[in-house]
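A.B. asks: 3D model of this:
(one chain, ligands or ions: 1)
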Amino acid sequence: MAASLVVIVVALLVGVTVVAVKFLGPQQLAAVTASSSPSASSPASAPATPTPSATSVPSPTLTPTPAGFNKTQFSIDDPNSIWVVVNKLRPLADGADFVPPNLVDLPVDMPNPNGYQLRGDAEQALATMFDAAKSEIGTQLVAQSGYRDYSVQVKAYNYYVNLDGVAGADQTSARPGFSEHQTGLAMDILDTTSGCSTDGLCFANTDAGRWLAANAYRFGYILRYPADKTAVTGYEYEPWHFRYVGVDLATEMHNTGVETLEEFFGLPPAPDYAG
Ligand SMILES: [Zn+2]
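C.D. replies: Model prediction:
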């Protein structure tokens, strides 16, 4: 009963509206339309009064975005990315088969006793850095160890396991599929004069080691395993191991004083393998 009454009342009201509209002239009808729907665009014949919609639409904000560093500019997961973060909790995706793009030989005038390669972008930056070291401190740097494929890393890791056991090897050599050297973006750097090797901390106290630690960022490289960061990176201090990440990221890390990729990207510390 109540429902049918409502229907009748609505029908009557609609009828009244239709009748009212029928009695309006075209100009009056335009005015009714404009006032009843504020967001509708005014018809061409409407008077030149300001449209109500002009005040109700918020104007786009022109406040400039702070020139913050874009941490999502490149992937940290894709092994092809120059920002890829590889550590004991972050193996290379498809590690046993991954081969980085654009591997190139190092320049012939660069000391490279083991004939290693690097990715092209990392190689060019390395050559520029070696030239700068020569002109700024008079030292000839040496490209001691660069791109290592999966099978080479198997041999390297097993060598250290035989020498030091698994626990000892895990402190100094990455397990296969977990090595930054497989990205083609890492280089172990020594010099021709100090006689230091990639064992111990000898290289840290050389002119070359100090110069690299202070200046590598200018060329897009970072000291990947700094002193006192073993709990974060999972590796002891390696004053010879430099990782190419590009000038933008290396400079941002230098300017903000953040030493590791894990800390910079807010990743969990990776002191050890998950299993
Ligand atoms: Zn290394």
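A.B. asks: partner residues bridging the residue of the stretch 101-250 of the chain found nearest the ion?
C.D. replies: Per C-beta to the ion, His241 is where the stretch 101-250 of the chain lies closest to the ion, at 3.6 Å. In short, each C-beta sits where N, CA and C put it, glycine included. Beta-bridge partners for His241, by DSSP bridges, are Asp188.
A.B. asks: shouldn't it be in contact with Tyr225?
C.D. replies: Yes - counting by C-beta atoms under 8 Å, His241 does reach Tyr225; the two are 5.5 Å apart.
A.B. asks: Just the buried residues of whichever strand or helix holds Ala167, please?
C.D. replies: If you go by DSSP states H and E, Ala167 is part of helix 150-172. Neighbour-count burial for helix 150-172 flags Tyr150, Val152, Gln153, Ala156, Tyr157, Tyr160, Val161, Ala169, Asp170, Thr172 (criterion: 16 or more other C-beta atoms under 10 Å).
A.B. asks: same thing with stretch 244-261?
C.D. replies: Buried residues in stretch 244-261, counted by 16+ other C-beta under 10 Å: Tyr244, Val245, Gly246, Leu249, Ala250, Glu252, Met253, His254, Glu259, Thr260, Leu261.
A.B. asks: my read: the fifth one touches Tyr221, true?
C.D. replies: Okay, so that is Ala250. Yes - Ala250 lies in contact with Tyr221 (C-beta under 8 Å); the separation is 6.2 Å.
A.B. asks: thinking again about what came up before, hey, what's in contact with both of His241 and Tyr225?
C.D. replies: The contact sets of His241 and Tyr225 overlap at Tyr235 (C-beta atoms under 8 Å, 6 or more residues apart in numbering).
A.B. asks: now the helices: where do they sit in the chain?
C.D. replies: Here the chain has its helices, by DSSP state H, at 2-22, 26-36, 52-56, 120-137, 150-172, 207-215, 230-233, 247-256, 261-264.
A.B. asks: mind listing what the residue of the stretch 101-250 of the chain closest to the ion touches?
C.D. replies: Counting by C-beta under 8 Å, 6+ apart, His241 has contacts Glu180, Ala186, Met187, Asp188, Thr198, Leu223, Arg224, Tyr225, Tyr235.
A.B. asks: how about Thr193, what does it touch?
C.D. replies: Thr139, Gln140, Ala208.
A.B. asks: Now do the nearest residue to the second one once chain neighbours are set aside: how many residues are near it, please.
C.D. replies: Read it as Gln140. Leaving aside its sequence neighbours, Gln140 sits nearest to Thr192 (C-beta to C-beta, 6 or more residues apart in numbering; 4.5 Å). For Thr192, the number of neighbouring residues by other C-beta atoms under 10 Å comes to 11.
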